[in-house]
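In: Here is my input; please provide its structure:
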Amino acid sequence: MTLNELKEQVIGLGFETDIEDGQMFFNSVFRAVQKMYTDRGVETELKLLHSPQKPLYHIKYIRYTPGGNVRYGLFGEGLYFKTLGTGRYTLTGEGSSVSEEFSGEREHKIIVDGYSEIIFEGEFEYSIWNLALYPAKVSDNPEDIIPPTESVEYRMEDYCDDFLGFSDQARDGNGLPIKGASLVFSTAKIPVLYEGEVRIKYRRCPKSIDTDINAELPIPNGWEHLLAELCASYIWLDDDPEKAQYYLALYNNGMNTLKYLTKDRADTPKIDVLRWT
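Out: Sure, this is the predicted structure:
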């Protein structure tokens, strides 16, 4: 259905020859489409493949005190840690040794070449956070080494342009809830320890409405008559409240019928994101 076709239907419902206020008509259409999506509770499902990089080991906090050293064997290819304070570390490998001093708050991302060892030393007390060793590098750029985390965050706006709100728990490929997953506002947090398919069901909002009179409206098939009735109720709310209430009642009855007839059917195709994270 186009805006022009909808306009002709609304004119017919109002027993008029035209709708003179074009902006009022467009505003009514926008409000009506928004309300229909909310009333119907249109849902769809986003499918993700979740396979985050996991560290071989992750030490959340180390407190260095002067007069000794802290050392860890490294048998992976990517190393991450943060420091706060003044000190130095030495990275030793097969016939090589590299030292670096640090001060203040620093983030360190290091590509490790083969078996090696890192030694923390210094004359002052300082802190080390989130020391994590990854089994393999994802590229030759140290900046691609990620901080260790308990979950990966997926922002829904990065994957779909019709997100309104979550309507169910995050589930795996078998439809079972993913333990430890959380859905907050528009962000899905999936635990790093989980690996596999993620299914996220959400309520849809309508896409933007084109002001072109011949543009197709963003509504599913079967909604046309309901949209016309709801628009008519908005347009004549001030000039003819009785007519507006009549068409609103028709719309409510029709929407209730639509929800009953389609309650066990999927509203839209599922969205598959074919990439691993």
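
In: how close does the most far-flung residue of the chain relative to its centre get to residue 91?
Out: Largest separation from the mean C-alpha position in the chain: residue 67, at 47.9 Å (Cα atoms, centre = their mean). According to Cβ to Cβ, to the nearest Å, residue 67 stands 22 Å off from residue 91. Heads up, the C-betas are built off the backbone N, CA and C, glycines and all.

In: any idea which helix or strand carries the residue farthest from the centre of the chain?
Out: When elements are defined using DSSP states H and E, residue 67 is found to belong to no helix and no strand.

In: Over to residue 175?
Out: Secondary structure assigned from DSSP H and E places residue 175 in neither a helix nor a strand.

In: thought it was touching residue 198?
Out: No. Applying Cβ atoms under 8 Å, one finds residue 175 not in contact with residue 198, separated by 11.7 Å.

In: Which one's more surrounded, these two?
Out: With other Cβ atoms under 10 Å as the criterion, residue 175 and residue 198 differ in neighbour count, and residue 198 comes out ahead with 23 against 7.

In: Is the more buried one bridged to anything, and to what?
Out: With DSSP bridges as the criterion, the beta-bridge partners of residue 198 are residue 48.

In: show me the contacts for it.
Out: If you count contacts by Cβ atoms under 8 Å, 6 or more residues apart in numbering, residue 198 has them with 47-50, 154, 170-172, 178, 181, 188, 190.

In: Specify which member of those residues is nearest to residue 145.
Out: Of all those, residue 50 has the smallest distance to residue 145: 19.5 Å, by Cβ to Cβ.

In: and residue 119, that's in a strand?
Out: Yes. Going by DSSP: H, G, I helix; E, B strand; the rest coil, the assignment for residue 119 places it inside a strand.

In: Can you tell me the element residue 168 falls in?
Out: Secondary structure (DSSP H and E) places residue 168 outside all helices and strands.

In: out of the contacts of residue 198, which are inside strands?
Out: By the criterion of DSSP state E, membership of these in strands covers 47-50, 154, 188, 190.

In: which SS class is residue 257?
Out: Assignment for residue 257 (three-state DSSP): helix.

In: List the contacts of residue 236.
Out: Contacts were defined as Cβ under 8 Å, 6+ apart; by that measure residue 236 touches 14, 243-244, 247.

In: JSON lines for those, including neighbour count, distance to residue 74 and secondary structure?
Out: Formatted as JSON lines, the entries for the contacts of residue 236 read as follows, by neighbours: other Cβ atoms under 10 Å; distance: Cβ to Cβ, whole Å; DSSP: H, G, I helix; E, B strand; the rest coil:
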{"residue": "14", "neighbour count": "19", "distance to residue 74": "76", "secondary structure": "coil"}
{"residue": "243", "neighbour count": "17", "distance to residue 74": "77", "secondary structure": "helix"}
{"residue": "244", "neighbour count": "18", "distance to residue 74": "73", "secondary structure": "helix"}
{"residue": "247", "neighbour count": "23", "distance to residue 74": "72", "secondary structure": "helix"}
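
In: For the ones in strands among the contacts of residue 198, which two are the farthest from each other?
Out: 49 and 188 (13.5 Å).

In: quick one: the helices in the chain?
Out: In order along the chain, the chain carries the following helices (DSSP state H): 3-13, 22-40, 224-235, 241-261.

In: and of those helices, who's closest to residue 144?
Out: Ranking those by proximity to residue 144 (Cβ to Cβ) places helix 22-40 first, at 39.7 Å.

In: helices or strands up against that closest one?
Out: Using 3 or more Cβ pairs under 8 Å, 6 or more residues apart in numbering; DSSP states H and E as the contact criterion, the neighbours of helix 22-40 among helices and strands are helix 3-13, helix 224-235, helix 241-261.
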